[in-house]
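Novice: the sequence isn't on hand, but the structure is:
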């Protein structure tokens, strides 16, 4: 089983749609969680950290379910500029290890 | 404040040669990570340095090595280059092991 698994995608949605990505992780000792976005052939950029209580940043909402070992990202009112690959990242601090999921491709079309 | 910087941006080497990639972390960050991203694939963890020491490495052969200098900058060396080493090599730094990481723009290595 992979350490971090994401929805395979790709997701193709119209502008204004709501889209959700899920991600599961295998190590229950994982301590912190993040979502990054990566544009084509560019470096990953932090989108948001994921907190136990869930958190929101504008149109983006992240949730963590430790019992089921998954995190989610919800994007509301999708924009063309949201088109990117979204990477789920799990941190095992004791090993200093940041493990990335394979990424989910999102394409928002007019 | 300057972000993570990597050099060179692009590097072309022939099979069997050695490549050296460099990374300067964000000021105040002591941890540096190296990742390999082959075309169309995900990020594969290579190495983690903290306070000048190698703390962890991924499932890569010993010809992938590196070091971290007293100013926390880092170098990745790849010996005996193979065609399959062609990839985007990304460096990231973080302040502590439970905080977010920030990436440099990467070095695109092409082995011909």
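Specialist: Arrived safely. Since this is a predicted model, take the numbers as computed values, not measurements.

Novice: next to chain A, which bits of chain B? Give me the list.
Specialist: Residues of chain B lying close to chain A by C-beta under 8 Å from any C-beta of the partner chain are B:31, B:33, B:35, B:41-43, B:45, B:48, B:50, B:55-56, B:88, B:90, B:92, B:97-106. Yep, even glycine has a C-beta here, placed from its N, CA and C like the rest.

Novice: and the strands in chain A, which stretches?
Specialist: With DSSP state E, the ranges of strands along chain A come out as A:4-6, A:11-14, A:19-25, A:32-38, A:45-50, A:55-57, A:60-65, A:70-75, A:84-92, A:97-100, A:104-109.

Novice: for chain B, find the nearest of these.
Specialist: Nearest to chain B among these is strand A:97-100; the distance by C-beta to the nearest C-beta comes to 4.3 Å.

Novice: so how far is that closest one from its chain's centroid?
Specialist: On the basis of C-alpha atoms, centre = their mean, to the nearest Å, strand A:97-100 sits 13 Å off its chain's mean C-alpha point.

Novice: now it: mean pLDDT?
Specialist: Across strand A:97-100, the average pLDDT comes to 89.

Novice: go on, stretch B:55-62?
Specialist: Mean per-residue pLDDT for stretch B:55-62: 94.

Novice: how about residues contacting stretch A:64-74?
Specialist: Here stretch A:64-74 makes contact (C-beta atoms under 8 Å, 6 or more residues apart in numbering or on different chains) with A:18-26, A:28, A:30, A:33, A:35, A:47, A:50-52, A:54, A:60-63, A:86, A:88.
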